[in-house]
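**Q** okay, sequence plus prediction incoming.
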Amino acid sequence: MNRAHYQDSIASFLKISPDAVCGILASNSAFSVEHSQLQAWREQVNLLQPVLEPYVGRGHVFFEFVLPRIGRRVDVVLVLEQLIFVLEFKVGESEFQRHALDQVWDYALDLKNFHESSHRELIIPVLIATRAAINELRYVPPAGDEVYTPLRIGALQLGPLLKLHLDCTSGPPIDGAAWGAGRYSPTPTIIEAARALYSGHSVVDISRSDAGASNLTLTSSYVSAVIADAQQHGRKAVCFLTGVPGAGKTLVGLDIATQHMDAASALHSIFLSGNGPLVAILREALARDQVQRERIAGRSLSKTEARRQVEAFIQNVHHFRDDCLVDPGAPPEHVAIFDEAQRAWNREQTVAFMTRKKGRPDFDASEPEFLLSCMDRHTDWAVVLCLVGGGQEINTGEAGISEWIDALRTRFPHWSVHVSPRLSESEFASGAALEALKGHDQVHLDEALHLGVSLRSFRAERVSDWVKLVLDLEVEKAQETLRDLLPRYPIVVTRHLTAAKDWIKVQARGSERFGLVVSSQAQRLKPHAIDVRVPVDPVHWFLGPKDDVRSSYYLEDAATEFHVQGLELDWACVVWDADFRKVDTAWDHWSFVGSRWQRVRKADRQTYLKNAYRVLLTRARQGMALVVPSGSEEDATRDPSFYDETYCYLRSIGVPSLD
């Protein structure tokens, strides 16, 4: 498959006319091509051809190189001898905008991280403002991963820039044709994945498929086969897809949902989540992206209409539940995907809510039981896909997987159940209910329904393993795992928030997103200007650009586990308060009430607090800074002893200190 709309050797490129190149580019475009775009392409060709004349037989040219993960195309990738130049043209411009620099940097980093042929090559991002004043060129070595800081040049500097970098570097020449055919194996954020899937890409385009990662395509195919079988034979089935944090469970759910977005289809699906921030962020991101794509295609679409279309695709599970309370008929969808199914409410929490908020004192079911009953209203067939994270229950009444299994065993024995043998692992809180499921007539076990490798951190898949070891106080194993992690996934600890912020800002490149995250119970971080009681708008926090003070980039507003669960950052600054503190050989659990800390004694609340830190510590894709404040001798609520042992514990595991 050609990833570029035009690609050829430099020798062949020099023989073709600019108009012919433009014609090829236009014919390969999925949209109608405006005159301004044709002019931009023509100017790029006119600029490149004379510059590349000295390099006949020494390289390859790619125009409009597609990067599905970020849904963009690189203007030109030039593979020249031992170097890869990523060229972004701003035709007719004389200024270098910050967002344009980030854009070309993002392209270079995407190739380095996810394009197999680029992993070990030198990559030079170049922003060309064709009317910019000429500046003196000088050679600056690349970062440790061999990606250069973006270079800014005018049109006349391209030739000298190529020569300078070829003279200052060495290495075997890159086969351009083989480079272009190299495997592209990205690990997108959930926002990037949703955008790509919603715009028509498949999970194959935007996910890894190497031997070291779980094959999302295999899992998606398994679920699709269950759906097809249920429709063909008039059956009802539930699939439990389990996995470690960041393994791609939500990605599989979105892939299934986007395959069947047509409301008129018999396979019409709906993606449901009780995670309010996730639903709001995905809806806004998809609506914005849809408006932009329609604009590029020369069509007009209002944001209101785009939002309406997206809202029919992604819904809050509580709205779905409320609709089913009002309407006793079967829902229009035959396939329902429940994200974070482990967070569904148990019977006690659901009954209390229905009595207090909905005026239904006669209601007597857990949330899983009621949701299954809604889909069971179909007289022919139905499929429920439950996406289940291990150790992810973070709020009162969240029942884990046991309520789903109990409901299937007692009320829906006619439903077939598809699970992984891994469901017996402790993080999934399946308990005795899983044993009871063994008596169910139709249980199908398959490893395809467990995703055991975290794809969130493409640099180090074992981050979630390390976090589990840290929280379980497995010191020696945590030390061993960390030694493997640190070369590719930096983790540091400090007593000073400012030092952590500065470190994060230095690490992040391009538009890599970073942010400040804390526990929702971290009430004594106010002296550090962190107040968890001040609400954060997750849409602005996750989607806002660098110049938006409400965005995560400002490192001012702290998001909690409720804002970030199911989402990712590239770099995270995790501030550790005294709500979860190391004391001797155990964790102590505390809640700040009024003017003092009170010990948390209930086992379920202790679990929620531990899981909150599990969520916080597994958000970062590329690295994180941990901040354990020093406390204050003058403040009894921030006694240094509340923090010191936690800091010493992290240091004893081997986490490097910035202090």
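**A** That came through fine. Only a predicted model underlies this, so the values are computations on that prediction, with no experimental measurement involved. Numbering: from 1, shown residues only.
**Q** how about the helices in the stretch 1-150 of the chain?
**A** 10-13, 18-28, 35-52, 98-114 (DSSP state H, counting those that start in this stretch).
**Q** give me the buried stretch members for the longest one, please.
**A** Pointing back at helix 35-52 there. For helix 35-52, the neighbour count (16 or more other Cβ atoms under 10 Å) marks 37-38, 40-45, 47-49, 51-52 as buried. In this view, the C-beta of every residue, glycine as well, is placed from N, C-alpha and C.
**Q** also the last one?
**A** Using 16+ other Cβ under 10 Å as the test for burial, helix 98-114 gives 100-114.
**Q** sorry, back to before: okay if I get the helices of the stretch 1-150 of the chain as a markdown table plus distance to residue 127 and mean pLDDT?
**A** Output for the helices of the stretch 1-150 of the chain, formatted as a markdown table (distance: least, Cβ to Cβ, whole Å; pLDDT from 0 to 100):
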| stretch | distance to residue 127 | mean pLDDT |
| --- | --- | --- |
| helix 10-13 | 22 | 96 |
| helix 18-28 | 21 | 94 |
| helix 35-52 | 13 | 94 |
| helix 98-114 | 5 | 94 |
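**Q** excluding its backbone neighbours, what's nearest residue 72?
**A** Excluding its sequence neighbours, the residue lying closest to residue 72 (Cβ to Cβ, 6 or more residues apart in numbering) is residue 107, at 7.2 Å.
**Q** that neighbour: what's it in contact with?
**A** Neighbouring residues of residue 107 by Cβ atoms under 8 Å, 6 or more residues apart in numbering: 67, 72, 74, 86, 88, 125.
**Q** flag the least confident of those residues.
**A** Within the contacts of residue 107, the minimum per-residue pLDDT falls on residue 72 (84).
**Q** who does it form a beta bridge with?
**A** residue 67 (DSSP bridges).
**Q** contacting residues for it?
**A** By Cβ under 8 Å, 6+ apart, the residues touching residue 72 are 103, 106-107.
**Q** what's the distance between it and residue 58?
**A** Applying Cβ to Cβ, to the nearest Å, the value for residue 72 to residue 58 is 28 Å.
**Q** with residue 275 instead?
**A** Applying Cβ to Cβ, one obtains 52 Å for the distance of residue 275 from residue 58.
**Q** still on that earlier bit, need the buried residues of helix 35-52 in TSV (columns: distance to residue 537).
**A** Below are the buried residues of helix 35-52 laid out as TSV (distance: Cβ to Cβ, whole Å):
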residue	distance to residue 537
37	36
38	41
40	37
41	40
42	44
43	41
44	40
45	45
47	43
48	44
49	49
51	47
52	48
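**Q** closest to residue 330 out of the residues you listed?
**A** The closest of the buried residues of helix 35-52 to residue 330 turns out to be residue 37 (Cβ to Cβ; 48.1 Å).
**Q** in the stretch 101-250 of the chain, which ranges drop under the pLDDT threshold?
**A** 135, 201-215 (pLDDT under 70).
**Q** which residues of the protein score low on pLDDT?
**A** Filtered on pLDDT under 70, the chain yields the residue ranges 1, 135, 201-215, 261-268, 390-399, 423-434, 436, 439, 454-458, 460.
**Q** in it, where's the longest helix?
**A** The longest helix of the chain (DSSP state H) is helix 276-296.
**Q** buried set for the helix or strand following that one?
**A** Once the chain leaves helix 276-296, the next helix or strand it forms, by DSSP states H and E, is helix 303-311. Residues 306-307, 310 are the ones in helix 303-311 that count as buried (16+ other Cβ under 10 Å).
**Q** and residue 383, backbone torsions?
**A** Residue 383 adopts backbone torsions of phi -130, psi 130, taken as degrees, to the nearest 10.
**Q** could you number the chain from 13 rather than 1 from now on?
**A** Yep, numbering from 13; the last one is residue 395 now.
**Q** identify the bridge partners of it.
**A** Counting by DSSP bridges, the residues bridging with residue 395 are residue 249, residue 347.
**Q** who touches residue 144 in this structure?
**A** With contact set as Cβ under 8 Å, 6+ apart, residue 144 has these partners: 105-108, 164-167.
**Q** equivalent analysis for residue 522, please.
**A** By Cβ under 8 Å, 6+ apart, the contact set of residue 522 is 114-115, 117-118, 120-121.
**Q** try 10 Å this time
**A** Residues in contact with residue 522 (Cβ atoms under 10 Å, 6 or more residues apart in numbering) are 113-122, 137, 159, 162, 582.
**Q** quick one on the thing from earlier: what's the closest of the buried residues of helix 315-323 to residue 449?
**A** Nearest to residue 449 among the buried residues of helix 315-323 is residue 322, at 35.9 Å by Cβ to Cβ.
**Q** do I have it right that that closest one meets residue 299?
**A** Yes: with contact defined as Cβ atoms under 10 Å, residue 322 and residue 299 form a contacting pair (5.1 Å).
**Q** overlap of the contact sets of those two?
**A** Common contacts of residue 322 and residue 299, defined by Cβ under 10 Å, 6+ apart, comprise residue 210.
**Q** before we move on, the earlier item: dump the contacts of residue 84 into TSV; add distance to residue 75 as well.
**A** Below are the contacts of residue 84 laid out as TSV (distance: Cβ to Cβ, whole Å):
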residue	distance to residue 75
115	17
118	18
119	14
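**Q** about what we covered before: and the helices of the stretch 13-162 of the chain as TSV, adding distance to residue 422?
**A** What follows is the helices of the stretch 13-162 of the chain, written out as TSV (distance: least, Cβ to Cβ, whole Å):
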stretch	distance to residue 422
helix 22-25	69
helix 30-40	57
helix 47-64	61
helix 110-126	46
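**Q** any idea which of those helices gets closest to residue 564?
**A** For the helices of the stretch 13-162 of the chain, the distance to residue 564 is smallest for helix 110-126, at 14.9 Å, taking Cβ to Cβ.
**Q** closest one to residue 255 among the helices of the stretch 13-162 of the chain?
**A** helix 110-126 (20.6 Å).
**Q** please export the C-alpha coordinates of that closest one as PDB.
**A** Extracted as PDB, the C-alpha positions of helix 110-126 are listed here (Å, rounded to 0.1, in the frame of the first residue of the first chain):
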ATOM      1  CA  ARG A 110       4.300  28.100  16.900                       C
ATOM      2  CA  HIS A 111       1.600  25.700  16.000                       C
ATOM      3  CA  ALA A 112       3.300  25.000  12.600                       C
ATOM      4  CA  LEU A 113       6.600  24.200  14.400                       C
ATOM      5  CA  ASP A 114       4.700  21.800  16.700                       C
ATOM      6  CA  GLN A 115       3.000  20.300  13.600                       C
ATOM      7  CA  VAL A 116       6.200  19.400  11.800                       C
ATOM      8  CA  TRP A 117       7.800  18.200  15.100                       C
ATOM      9  CA  ASP A 118       4.700  15.900  15.600                       C
ATOM     10  CA  TYR A 119       5.200  14.400  12.200                       C
ATOM     11  CA  ALA A 120       8.900  13.600  12.800                       C
ATOM     12  CA  LEU A 121       8.100  12.100  16.300                       C
ATOM     13  CA  ASP A 122       5.200  10.000  14.800                       C
ATOM     14  CA  LEU A 123       7.600   8.500  12.200                       C
ATOM     15  CA  LYS A 124      10.300   7.900  14.800                       C
ATOM     16  CA  ASN A 125       8.000   6.200  17.300                       C
ATOM     17  CA  PHE A 126       5.600   4.300  15.000                       C
END
